[in-house]
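*Asks:* Need the 3D shape of this:
(one chain, ligands or ions: 3)
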Amino acid sequence: MTSTSPSGTAAALAACRAASPLVQCITNFVSMDIMANTLLAAGASPAMAHSIAEVEAFVSIASALLINVGTLSDGWVGGMKLGAQRAVELSKPWVLDPVGCGATPYRSLICAEMLQLKPTVVRGNASEIMALAGAAGATTRGVDSTAAATEALAAAKQLAAQHGCVVAVSGAEDLVTDGRRVLRVANGVPMLQQITASGCSVTALIAAFVSQFPQQPLEATAHALSYFGLAAELAVSAGGVKGPGSLRVGLLDQLATMSEAEVLAGARVLE
Ligand SMILES: Nc1ncnc2c1ncn2[C@@H]1O[C@H](COP(=O)(O)OP(=O)(O)OP(=O)(O)O)[C@@H](O)[C@H]1O
Ligand SMILES: Cc1ncsc1CCO
Ligand SMILES: [Mg+2]
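*Replies:* Ligands and ions are numbered 1, 2, ... in the order given. Model (predicted):
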């Protein structure tokens, strides 16, 4: 899986389905159901485990760790930090979703502290990435973005270069950068924004894909975003999507049933 072509996306998906990586998720209450189902549909094996009492042991058996601060509470932060540290010690990828960064000083502080713990990938919406980078003029309204992905590109590049990670900004076109290269992912449908935790779920998929290609986190991240966005496109083109409720169902079905031919025809990762 070296290429950014549709065959790269197909190879990444095939690897995930074949290996069924165990993805440990320390995530918010809103996202738990759809995130676990998204990972299952992609052939991965989700486990939602956040207790500080078991987090280190869990990371040692997981293929990747996802940390999402969506329903942040004091009692969870210790486990998040210990999990991230253990993942780094064991050279396992860990992926940060800085939900609502910028909405409150506490949230921004915890996100900044997590960033110091060397995530492999950070994925957020434009407002979150701009706030995380401390960009001038960053505004936010809770967990939804008030900016377009393109507005966050400079912030994403700066974060990636400064922290040695891959940064993905979701939006109409997702942007993925390692600070030098920028990949654009032109899959998805606008209605995904009306499914809560769709972004959270794609971040967990990124963890699953990166676990299979730890030397190529940039490409693996883009392929995960492409596969997820394409599933939403296929759900709409199959008919029967009347709104976000039926899209949510169709999305999971398409993630589970997507064929190699559909990936080859529809994946759009551009450099
Ligand atoms: N305008 C758009 N057109 C097409 N796809 C989009 C658009 N906006 C977002 N998406 C897609 O929707 C998914 C979620 O992205 P979004 O930016 O809404 O994440 P988020 O704000 O972190 O979501 P959440 O916090 O609810 O999990 C991604 O796969 C993204 O590519
Ligand atoms: C709505 C919401 N609130 C905290 S986390 C979350 C899920 C989408 O990010
Ligand atoms: Mg989000």
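*Asks:* Next up, the contacts around Gly243.
*Replies:* Met191, Gln194 (C-beta atoms under 8 Å, 6 or more residues apart in numbering). Where you see a C-beta, it was placed from the backbone N, CA and C, and this is true even at glycine.
*Asks:* Low-confidence stretches in the stretch 1-150 of the chain?
*Replies:* For the stretch 1-150 of the chain, the stretches flagged by pLDDT under 70 are 1-2, 136-137.
*Asks:* In it, what residue comes closest to ligand 1?
*Replies:* Closest to ligand 1 within the stretch 1-150 of the chain is Asn125: 3.6 Å, counting by C-beta to the nearest ligand atom.
*Asks:* Hmm, that residue is touching Asp174, no?
*Replies:* No. With contact defined as C-beta atoms under 8 Å, Asn125 does not count as touching Asp174 (10.0 Å).
*Asks:* Quick check: the residue of the stretch 1-150 of the chain closest to ligand 1 vs ligand 2, distance?
*Replies:* To ligand 2, Asn125 is 9 Å away according to C-beta to the nearest ligand atom, to the nearest Å.
*Asks:* give me the number of residues near that residue?
*Replies:* Neighbour count of Asn125, defined by other C-beta atoms under 10 Å: 26.
*Asks:* Let me see the backbone angles for it.
*Replies:* phi -80, psi 180 (degrees, to the nearest 10).
*Asks:* again with Ser73
*Replies:* According to degrees, to the nearest 10, Ser73 has phi -150, psi 150.
*Asks:* give the contact list for it.
*Replies:* Contacts of Ser73 (C-beta under 8 Å, 6+ apart): none.
*Asks:* And it, how close does it get to Ile26?
*Replies:* Distance, Ser73 to Ile26, using C-beta to C-beta, to the nearest Å: 12 Å.
*Asks:* now swap in Thr120 and tell me
*Replies:* 15 Å.
*Asks:* Would you check how far apart Pro244 and ligand 1 are?
*Replies:* 11 Å.
*Asks:* Give the helix, strand or coil label for the residue in the stretch 151-271 of the chain that ligand 3 sits nearest to.
*Replies:* Of the stretch 151-271 of the chain, the residue with the smallest distance to ligand 3, taken as C-beta to the ion, is Gly199 at 3.7 Å. State at Gly199, reduced to three classes by DSSP: H, G, I helix; E, B strand; the rest coil: helix.
*Asks:* I figured it was touching Asp97, is that so?
*Replies:* Yes. Contact criterion C-beta under 8 Å: Gly199 and Asp97 qualify, at 7.3 Å.
*Asks:* Please identify which of those two sits among more neighbours.
*Replies:* Set Gly199 next to Asp97 and count neighbours by other C-beta under 10 Å: Asp97 wins out with 35 against 26.
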